[in-house]
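Chemist: Predicted structure and sequence below. I'll ask about it afterward.
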Amino acid sequence: MSKASAIWFTSPKHLSFKDVEIGNPGDNQLEIETLFSGISHGTEMLVYNGLIPTDMEIDSCLSTMEGSFRFPIKYGYASVGRIVDLGQGVTDFSTGDLVFAHFPHQTRYIIPKCSATKLPNDITPQLGVFLATLETAINCTWDASANLGEVVVIFGQGIVGLLITQLLSLGPARTVIAIEPNKRRREISLKIGASTVLDPT
């Protein structure tokens, strides 16, 4: 029986650690030891500050979260770790594999193997926490339906905006123009592919 420590949002702007017993992996399950857990500057900060409507349900795609927006809640969805144990029937993963999972901030956990995404073992593990954000950026890029040779303008160069800029600069857009008030973000935007970056002021 393994033990872990999890972060719970107990009330607006208050967190606490809670020890949990996680058992052993069952059939087709993986036990993951967390290396890095990413914090969402957008959604997660709304949860932290108590700004999510209390009657809103947790997204069913994020079934690993516990509690509710009325507090307490175990929240988070960008975990990178290494597999430390395998359940019966797991043949496509090995102990030591680096994986990404939509899981809250917890030092160790068990998930179905279908909930883990294997990452290359030679990448810097910290980069893996951006997989959830990259998924959002890819969906935004698809929704924008940029055609070959178009000029695209992206407002905002936060993490999602920067990823969209990079994706579009690699793809169909002829010109990618980024609009961003923060000087540091404008500099990064130029380095990763923006044709032009403008200060909105």
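Modeler: Thanks, I have it. Remember, predicted model here, so these are calculated numbers, not experimental data.

Chemist: hey, let's count contacts and neighbours off CA atoms from now on
Modeler: Will do.

Chemist: Would you give the sheet partners of the host helix or strand of Y109, along with the direction of each?
Modeler: Per DSSP states H and E: Y109 is located in strand 108-112. Paired strands of strand 108-112, with direction, are strand 29-37 (antiparallel) (DSSP bridges).

Chemist: Give the next helix or strand downstream of the partner strand.
Modeler: Following strand 29-37 toward the C-terminus (DSSP H and E): helix 43-48.

Chemist: for this structure, longest helix please?
Modeler: Across the chain, the longest stretch assigned as helix under DSSP state H is helix 131-144.

Chemist: on that earlier part again, in the strand holding Y109, what counts as buried?
Modeler: Across strand 108-112, burial judged by 16 or more other C-alpha atoms under 10 Å covers 108-111.

Chemist: just stretch 117-133 next, same as before
Modeler: So, applying 16+ other C-alpha under 10 Å, buried residues of stretch 117-133: 117-119, 125, 128-133.

Chemist: tell me how far that stretch is from the chain's mean position?
Modeler: Averaging C-alpha positions (C-alpha atoms, centre = their mean, to the nearest Å) puts stretch 117-133 10 Å from its chain's average.

Chemist: Residues contacting it, please?
Modeler: The contact list for stretch 117-133, computed with C-alpha atoms under 8 Å, 6 or more residues apart in numbering, reads 35-38, 77-81, 93, 97-102, 159-160.
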